[in-house]
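**Q** model this:
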Amino acid sequence: MKIITTAILLGITLLAVPVFSYFFGTSPGPEAWKAINTLVITTAIVAGYCFIVGELSNNNSQVDKLWSILPIAYTWVVADYSNYAPRLVLMSVLVTLWGVRLTANFARKGAYQWRFWSGEEDYRWQVLRQKPEFNPRWKWSLFNMLFISGYQNVLILLFTLPTIVALQNNAVPLGIFDFIVAGLMFFFIGYETLADIQHWNFQSQKWAKIKAGEALSGDYKRGFLDKGLWAYSRHPNYFAEQAVWVCFYFFSVAASGQWFNWSITGSLLLILLFQGSSNFSEEISKSKYPDYVAHQKKVPRFLPFGG
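**A** Have a look, this model is predicted:
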């Protein structure tokens, strides 16, 4: 029931947060609405595609495959509406760097195949599908439509919408704050890259030993990584991912001069999503690794050196 409660909470916030935040900052103008309409239509088509292909293939990682690709397309679409204004180009280049890195990381796990509907499915969907809350099958199909395909695609759209605020304020030139934000966003992309490399190396070596029939010892016997960046945060990649999109929101602050505007919706909902996602991941880890509970008490969830 915890999973269903989390999904319901996320659904409520998806409705409430945009409505509440819409009243902060300048409402989108005619040109901005044209860009929004293009993005919304695209999002609806992609959500429908993900649902249908996920149902037919029984592989629910269709959104996962597009998670790192769609933001690149969305930001460049808005950049095109701005006639490639410097701020929109800078934002789009950074998102492209983020997306290429994340796509490559997902690709090496076997997510992309010539048969586009196949590929490695995120293990969490496999675990979740087996829970009694999703039996009979129609309950899982409903969850797929509303949350996996629907909610997540809308969220991808929402956390790219600071580009719309930048489009509204196209005449505002790049300033020092833009470059500070760009530097921070680039840093967190690098941070996430390093975290993923460390995790990939650890898991690859662990599974190589298992497949070779070697007895596991030390860190490999414990089963999970707590070295490198993972010694300071249980989910350094999740932490950096959230930080990337919070930084991205601050481009809208630089453009509008308003610390709080309606485009904050996406980054806030992303933080809520990662809270729920990490809860589920850790539930699985605790069931697999006896030492994980002690690890939780010793190492912060997201913020390095946090309490």
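
**Q** off-centre distance for the longest helix seen in the chain?
**A** If you go by DSSP state H, the chain has its longest helix at helix 176-211. What separates the centre of helix 176-211 from the centre of its chain is 14 Å, taken as Cα atoms, centre = their mean, to the nearest Å.

**Q** show me the helices in the stretch 1-150 of the chain, by range?
**A** For the stretch 1-150 of the chain, the helices defined by DSSP state H, counting those that start in this stretch cover 2-21, 30-57, 62-67, 70-81, 86-107, 123-129, 137-143.

**Q** for Phe260, which of those is the nearest?
**A** Of all these, it is helix 2-21 that lies closest to Phe260, at 7.9 Å by Cβ to Cβ. Glycine gets a C-beta too; all of them are placed from N, C-alpha and C.

**Q** so after the helix or strand where Ser267 lies, what's the next helix or strand?
**A** For Ser267, the host element (DSSP states H and E) is helix 265-288. Per DSSP H and E, helix 265-288 leads on to helix 292-298 as the next helix or strand towards the C-terminus.

**Q** now do that next one, average pLDDT.
**A** Helix 292-298 shows an average pLDDT of 88 in the prediction.

**Q** summarise which helices and strands it is packed against.
**A** Contacts defined by 3 or more Cβ pairs under 8 Å, 6 or more residues apart in numbering; DSSP states H and E place helix 292-298 against helix 265-288.

**Q** give me the buried positions along the helix it packs on.
**A** Buried positions in helix 265-288, judged by neighbour count with 16 or more other Cβ atoms under 10 Å: 265-276, 278, 281-282, 285.

**Q** ok, those vs Ala215, which is closest?
**A** When these are compared for distance to Ala215 (Cβ to Cβ), Ser285 wins out at 21.8 Å.

**Q** can you tell me, leaving aside adjacent residues, what's nearest to that closest one?
**A** Tyr292 (4.7 Å; Cβ to Cβ, 6 or more residues apart in numbering).

**Q** what sits against Leu70?
**A** Val46, Asn153, Ile156, Leu157 (Cβ atoms under 8 Å, 6 or more residues apart in numbering).

**Q** coming back round to it: among the helices of the stretch 1-150 of the chain, which is nearest Phe187?
**A** Nearest of the helices of the stretch 1-150 of the chain to Phe187, taken as Cβ to Cβ: helix 86-107 at 11.1 Å.
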